[in-house]
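Predicted structure and sequence below. I'll ask about it afterward.
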Amino acid sequence: MTTSDRPGIVYLVGAGPGDPELLTVKAHRLLGSCDALVYDSLVPREVLDLVPESCERHFVGKRRGHHSVPQPSTNAVLVELSARHACVVRLKGGDPFLFGRGGEEAAHLVKHGVRVEVVPGVTAGIAAPAYAGIPVTHRRAGSSVTFVTGHEEIDKRRPSVNWRSLASASDGLVIYMGLHNLPRIADELMAGGLRPETPVAVIQQGTVAGQRCLQAPLTEIAERVRVEQFASPSIVVVGDVVNEQVTACAPQPAAVTMPIPF
Ligand SMILES: C[S@@+](CC[C@H](N)C(=O)[O-])C[C@H]1O[C@@H](n2cnc3c(N)ncnc32)[C@H](O)[C@@H]1O
């Protein structure tokens, strides 16, 4: 089948960080009219409820005690659905192109002659700190910010994140999936020259019920996370911007719960 023969289009849609009010207008419209939905873990039920009753739904995320659906299977589901439906929504937490494998899925679909369009979403790395009143840049405290994963692919032979270099290259760091490796990350950042007292914030379940925020100096953060049992999904913000927190501007988290994948 060529692109022009295929009836369907797949929209790679960002669901935002959890609060349904942070969905974009375009995401909201597409969810309300799609024929098929493929979604993963970090999407609250209230967002899934926006799709029509008749919509064919496929869950491809991770659930407690289960592995996530392998990426090739998800790719295959998307290609198959696009042959049967006019409008397929592939819904991803936050923004689809930020640590969401959206780029891989887009390339796969194009390779198989499927029309595809990305719909950017509000990423957790900006929204979760904002819901704690923390700006990720600040004229005084942070002229640069780096979005970085704390959990590179296990099978990646040479890790590409050089934490020591990042310590001096970027005023602020926003770390996704960083809790498990936080002790090592903190050590590497200090070895790279970050002050032990550099402020760090961890925001768990940002923008939804259950949101909580912890702050501690870099040298103590890993131990505090362990003692206070912070868990995924969490965003870690490292840098002086954490001291620029304005709690009075922080929105109330939405009264919805996020399914926790593990
Ligand atoms: C696979 S990444 C997906 C990121 C997503 N594409 C985005 O733009 O936000 C999943 C990680 O995002 C972060 N995350 C997603 N939603 C979050 C939330 N509501 N609060 C805190 N962290 C969140 C966590 O670090 C989580 O482990």
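The structure has been received and is ready for your questions.

longest helix of the chain?
helix 71-84 (DSSP state H).

For this structure, which residues are neighbours of the ligand?
When proximity is defined as Cβ under 6 Å from any ligand atom, the chain approaches the ligand at 17-18, 42, 92-95, 98-100, 123-125, 128, 176-177, 203, 205-207, 232-235. The C-beta positions use only the backbone N, C-alpha and C, and glycine is treated the same way.

can you tell me which of these are in strands?
Taking DSSP state E as the definition of strands, those contribute 92, 176, 203, 234-235.

quick revisit: identify all contacting residues around the longest helix of the chain.
Identification of contacts with helix 71-84 by Cβ atoms under 8 Å, 6 or more residues apart in numbering yields 1, 6-10, 36, 38, 56, 58, 60, 88, 90, 101, 104-105, 108-109, 112, 114-115.

same thing but at 6 Å, please
Residues from elsewhere that reach helix 71-84 (Cβ atoms under 6 Å, 6 or more residues apart in numbering): 6, 8, 10, 36, 58, 60, 88, 90, 108, 112, 114.

how far does it sit from the chain's center?
22 Å (Cα atoms, centre = their mean, to the nearest Å).

now swap in stretch 39-55 and tell me
With Cα atoms, centre = their mean as the basis, stretch 39-55 stands 17 Å off its chain's centre.

Enumerate the positions of that stretch that are buried.
Buried residues in stretch 39-55, counted by 16 or more other Cβ atoms under 10 Å: 39-44, 46-48, 50-51, 55.

Now it: average pLDDT?
Computed over stretch 39-55, the mean pLDDT rounds to 93.

Let me have that stretch in CSV, keeping just the CA atoms, if that works.
Provided in CSV are the C-alpha atoms of stretch 39-55 (Å, rounded to 0.1, in the frame of the first residue of the first chain):
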residue,chain,number,x,y,z
TYR,A,39,-2.1,4.6,24.7
ASP,A,40,0.4,3.9,27.4
SER,A,41,0.7,4.1,31.1
LEU,A,42,1.0,7.7,32.2
VAL,A,43,-2.5,8.8,31.1
PRO,A,44,-5.3,9.3,33.6
ARG,A,45,-8.7,7.7,33.0
GLU,A,46,-10.4,11.1,32.6
VAL,A,47,-8.3,11.7,29.5
LEU,A,48,-9.1,8.3,28.0
ASP,A,49,-12.8,8.9,28.7
LEU,A,50,-12.8,11.7,26.1
VAL,A,51,-12.7,9.2,23.2
PRO,A,52,-16.0,8.1,21.7
GLU,A,53,-17.7,4.9,22.9
SER,A,54,-17.2,3.3,19.5
CYS,A,55,-13.4,3.9,19.5
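
what packs against the host helix or strand of Arg164?
Following DSSP states H and E, one finds Arg164 within helix 163-169. Judged by 3 or more Cβ pairs under 6 Å, 6 or more residues apart in numbering; DSSP states H and E, the packing partners of helix 163-169 are helix 182-191.

Run through who's touching the helix it packs on.
150, 163-164, 167, 196, 218, 222, 225.

out of the residues you listed, who's nearest the ligand?
Closest approach between these and the ligand, by Cβ to the nearest ligand atom: Gly150, at 7.8 Å.

Unless I'm misreading it, the closest one sits right up against Met177, doesn't it?
Yes - judged on Cβ atoms under 6 Å, Gly150 makes contact with Met177 at a distance of 5.3 Å.
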